[in-house]
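[1] could you work out the structure for the sequence below:
(2 chains)
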Number of protein chains: 2
Amino acid sequence: MQIVIIGSGNVAYHLAKAFTLKGIPVTQLFGRNEKELSKISEELNIPYSTAHLEKADLYIICVSDHSVEEVSKIIPGKNCLVAHTSGSLPKEVLAGEYRKSSFYPLQTFSKSKELEYEKIPFFVEAENDEDQKLLLDLASKISGRVMESTHEKRKYIHLTAVFACNFVNHLFSRAKEISDSQGIPFDYFLPLIDETVQKIHTIEPKEAQTGPAVRNDVRILQLHEQLLKDESLDIYKTMNHSIQKMYEL
Amino acid sequence: MQIVIIGSGNVAYHLAKAFTLKGIPVTQLFGRNEKELSKISEELNIPYSTAHLEKADLYIICVSDHSVEEVSKIIPGKNCLVAHTSGSLPKEVLAGEYRKSSFYPLQTFSKSKELEYEKIPFFVEAENDEDQKLLLDLASKISGRVMESTHEKRKYIHLTAVFACNFVNHLFSRAKEISDSQGIPFDYFLPLIDETVQKIHTIEPKEAQTGPAVRNDVRILQLHEQLLKDESLDIYKTMNHSIQKMYEL
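    The predicted structure is shown next:
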């Protein structure tokens, strides 16, 4: 099977690397950014081009969401399978007469980091069973966590990640505002944060909940509200309300 | 200096262990739970008692917040220093004629875990400079992160931890509800969560923010709101509002 990867960003790099490490040949890297393409090409020993797109059985588009549709138009012919790697787009956004699919790795990629590809979940969707099987098999060669997924399901995957990652990071930002205001290095909280996250590797987050809201410690809750204002106060109230609802307090 | 540790829970165990590992003798472990005391006593080779409290220069009370005051009454005399290990109580809660202080380790302890004591922050408060220095020196022997802290400051430390740990854990609970609803194993999100937390070890959380709110991706924000209800919807709106305020979007 001839595979072409389109793009030269983090997703393109890590996919190409994961395939290469597992002995799955990548026919070509294609994109606009010659500098990045040549770097990846040299490291992984894969030909690249910015002008001539090779014929392939499978094209994997690894570009940002807003460019997927435009990029999908450069793929000619009907007799191939095209996959995008976006978590939030339907496969129908691909604008060609070929077979359409989605090949979505759930991970924040950054080029400088070594990733354990085995642990990166892949979510796969295709138009027919044969393509579905092809993509599931391909993903299974590089990852131990592969699932079928409709566009509908990907919406919820994305939403889960927003809660578990984007919002979590924002809580760190607001927490840091509080510690900064008292001259306490935010670094001091990292062991506690690491511990919080380590815990949910072995127990359910619902079982791991601690803090004044789940203890219904009204004295502390009132005290804390007096220390906060604006958005941080809104977050404080909203989160405590949600905790108390979850535990029926 | 004679040190007595009162209590047999996680904080008592880890403090006693940290001191012992650094060659700081603990004169006695004192408490009610003979079974736990004898276990710690055997492991660390420290005498224990449930009946007779030894004379000491420093008593460290490692019991839960609601028992600190009661336990503090059993310490006789004026000529000693007493510290509690609570993050939320003032030192004045200690009910005796002795010198009062706070010796607060910022960490979730659990007995089964090996902890890197060097990285556990200690916050110290005393009535006078001499006691303050004594406690700072003592903490510095077991930890590389030691700070003075008033009761006022400890309130903000606790509040920071509520945002960075308790609320973060609750977001994991709500995220898991969403993934459970679609039959997606929450385990699949752990690599992404680990990555999110790993990031803030090297860059500011404010710089690390990703997701639809900071991109001001109105289409996705509206779509997500349609998928949510009740407390999760409240959290979604409150967090996005706070993110957009922080980045002036």
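[2] make it CA atoms for all contacts and neighbour counts henceforth
    OK.
[3] in the strand or helix carrying residue A:194, what's buried?
    Using DSSP states H and E, residue A:194 sits within helix A:190-199. Of the residues in helix A:190-199, A:190-193, A:196-197 count as buried by neighbour count, 16 or more other Cα atoms under 10 Å in any protein chain shown.
[4] contacts with chain B among those residues, please.
    A:190-193, A:196-197 (Cα under 8 Å from any Cα of the partner chain).
[5] tell me how many other residues crowd residue A:135.
    For residue A:135, the neighbour count with other Cα atoms under 10 Å in any protein chain shown is 25.
[6] still on that earlier bit, if we look at the helix or strand following the helix holding residue A:194, which residues are touching it?
    As assigned by DSSP H and E, the chain's next helix or strand after helix A:190-199 is helix A:205-208. Identification of contacts with helix A:205-208 by Cα atoms under 8 Å, 6 or more residues apart in numbering or on different chains yields A:199-200, B:169-170, B:172-173.
[7] next one: stretch A:236-244
    Contacts of stretch A:236-244 (Cα under 8 Å, 6+ apart): A:213-214, A:216, A:225, B:163, B:167, B:170, B:231-232, B:234-235, B:238.
[8] run the last query once more with 7 Å
    Contacts to stretch A:236-244, defined as Cα atoms under 7 Å, 6 or more residues apart in numbering or on different chains, come from residues A:213-214, B:167, B:170, B:231, B:234-235.
[9] related to what we said a few turns ago, residues making contact with the helix holding residue A:194?
    In contact with helix A:190-199 (Cα under 7 Å, 6+ apart) are residues B:107-108, B:119-120, B:164-165, B:169.
[10] out of the residues you listed, who's near chain A?
    B:107-108, B:119-120, B:164-165, B:169 (Cα under 7 Å from any Cα of the partner chain).
[11] farthest-separated two in the residues you listed?
    B:119 and B:169 (21.4 Å; Cα to Cα).
[12] between the two, which has more neighbouring residues?
    residue B:169 (27 against 20).
[13] please parse chain A into its domains.
    Using automatic domain parsing, the domain parsing of chain A gives A:3-149, A:154-246.
[14] could you point out the helix or strand that follows the helix or strand hosting residue A:4?
    Per DSSP H and E: residue A:4 is located in strand A:3-6. Using DSSP H and E, the helix or strand that follows strand A:3-6 in sequence is helix A:10-21.
[15] about what we covered before: export the contacts of stretch A:236-244 as CSV, with columns for neighbour count and distance to residue A:99.
    Listed next are the contacts of stretch A:236-244 as CSV, based on neighbours: other Cα atoms under 10 Å in any protein chain shown; distance: Cα to Cα, whole Å:
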residue, neighbour count, distance to residue A:99
A:213, 24, 51
A:214, 18, 51
B:167, 26, 44
B:170, 24, 41
B:231, 17, 40
B:234, 18, 40
B:235, 24, 39
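[16] now the two most distant members of these.
    Pairwise distances across the contacts of stretch A:236-244 peak at 18.2 Å for A:214 and B:234 (criterion: Cα to Cα).
[17] okay, now the sheet partners of the single longest strand found in chain A, with direction.
    What stands out as the longest strand in chain A, according to DSSP state E, is strand A:99-105. When pairing is defined by DSSP bridges, strand A:99-105 lines up against strand A:81-84 (parallel), strand A:122-126 (antiparallel).
[18] what comes up buried for it?
    A:99-105.
[19] pLDDT of stretch A:56-75, averaged?
    Mean pLDDT, stretch A:56-75: 96.
[20] now do it: distance to the chain's middle.
    On the basis of Cα atoms, centre = their mean, to the nearest Å, stretch A:56-75 sits 18 Å off its chain's mean C-alpha point.
[21] the helices in chain A, which residues?
    Remark: helices assigned in chain A by DSSP state H are A:10-21, A:34-44, A:65-72, A:129-142, A:151-161, A:168-181, A:190-199, A:205-208, A:218-227, A:230-246.
[22] and the fourth one, what does it pack onto?
    Contact partners of helix A:129-142 among helices and strands, from 3 or more Cα pairs under 7 Å, 6 or more residues apart in numbering or on different chains; DSSP states H and E: strand A:122-126, strand A:146-148.
[23] dump the residue contacts of the residue lying farthest from the centre of chain A.
    Here the centre of chain A is the reference, and by Cα atoms, centre = their mean the most remote residue is residue A:219, at 40.0 Å. Going by Cα under 7 Å, 6+ apart, residue A:219 touches no other residue.
[24] where's it relative to residue A:212, distance?
    For residue A:219, the distance to residue A:212 equals 9 Å [Cα to Cα, to the nearest Å].
[25] before we move on, what about residue A:153?
    In terms of Cα to Cα, residue A:153 sits 35 Å off from residue A:212.
[26] ditto for residue A:194
    20 Å.
[27] same check, this time on residue A:243
    10 Å.
[28] when these two are compared, which one has more neighbours?
    The residue with more neighbours, out of residue A:243 and residue A:212, is residue A:243; 26 against 18, by other Cα under 10 Å.
[29] could you find the closest non-adjacent residue to residue A:33?
    residue A:8 (6.7 Å; Cα to Cα, 6 or more residues apart in numbering or on different chains).
[30] which residues touch the one you found?
    A:31, A:33, A:36-37.
[31] next one: residue A:128
    Residue A:128 neighbours (Cα under 7 Å, 6+ apart): none.
[32] quick one: residue A:73 and residue A:96 touch, right?
    Yes: Residue A:73 lies in contact with residue A:96 (Cα atoms under 7 Å); the separation is 6.0 Å.
[33] what about these two, which has more around it?
    Between residue A:73 and residue A:96, counting by other Cα under 10 Å, residue A:96 is the more crowded of the two (17 against 12).
[34] report the contact partners of that one.
    A:72-73.
[35] so for it, what's the pLDDT?
    On the pLDDT scale, residue A:96 is placed at 95.
[36] can you tell me how far residue A:117 is from residue B:179?
    21 Å.
[37] and if you look at residue A:80?
    Distance from residue A:80 to residue B:179, by Cα to Cα: 33 Å.
[38] neighbour-wise, which of those two wins?
    Taking residue A:80 and residue B:179 together and counting by other Cα under 10 Å, residue B:179 has the greater number of neighbours (22 against 17).
[39] which residues of chain A score low on pLDDT?
    Applying pLDDT under 70 to chain A flags residues A:111-112.
[40] closest one of the buried residues of strand A:99-105 to chain B?
    residue A:105 (10.6 Å; Cα to the nearest Cα).
[41] give me every residue that touches that closest one.
    By Cα under 7 Å, 6+ apart, the neighbours of residue A:105 are A:85, A:120-123.
[42] out of the strands paired with strand A:99-105, which gets nearest to residue B:49?
    For the strands paired with strand A:99-105, proximity to residue B:49 was assessed by Cα to Cα; strand A:122-126 is nearest, at 56.9 Å.
[43] so how far is that closest one from its chain's centroid?
    Distance, centroid of strand A:122-126 to centroid of chain: 13 Å (Cα atoms, centre = their mean).
[44] how about residue A:224, nearest residue that isn't a chain neighbour?
    residue B:159 (6.7 Å).
[45] ok, the one you found - how many residues close by?
    28.
[46] and if you look at residue A:88?
    Residue A:88 - counted by other Cα under 10 Å - has 18 other residues nearby.
[47] ok, residue A:233 next?
    When neighbours are defined as other Cα under 10 Å, residue A:233 has 15 of them.
[48] again with residue A:218
    11.
[49] what about it, distance to residue A:240?
    Taken as Cα to Cα, the span from residue A:218 to residue A:240 is 11 Å.
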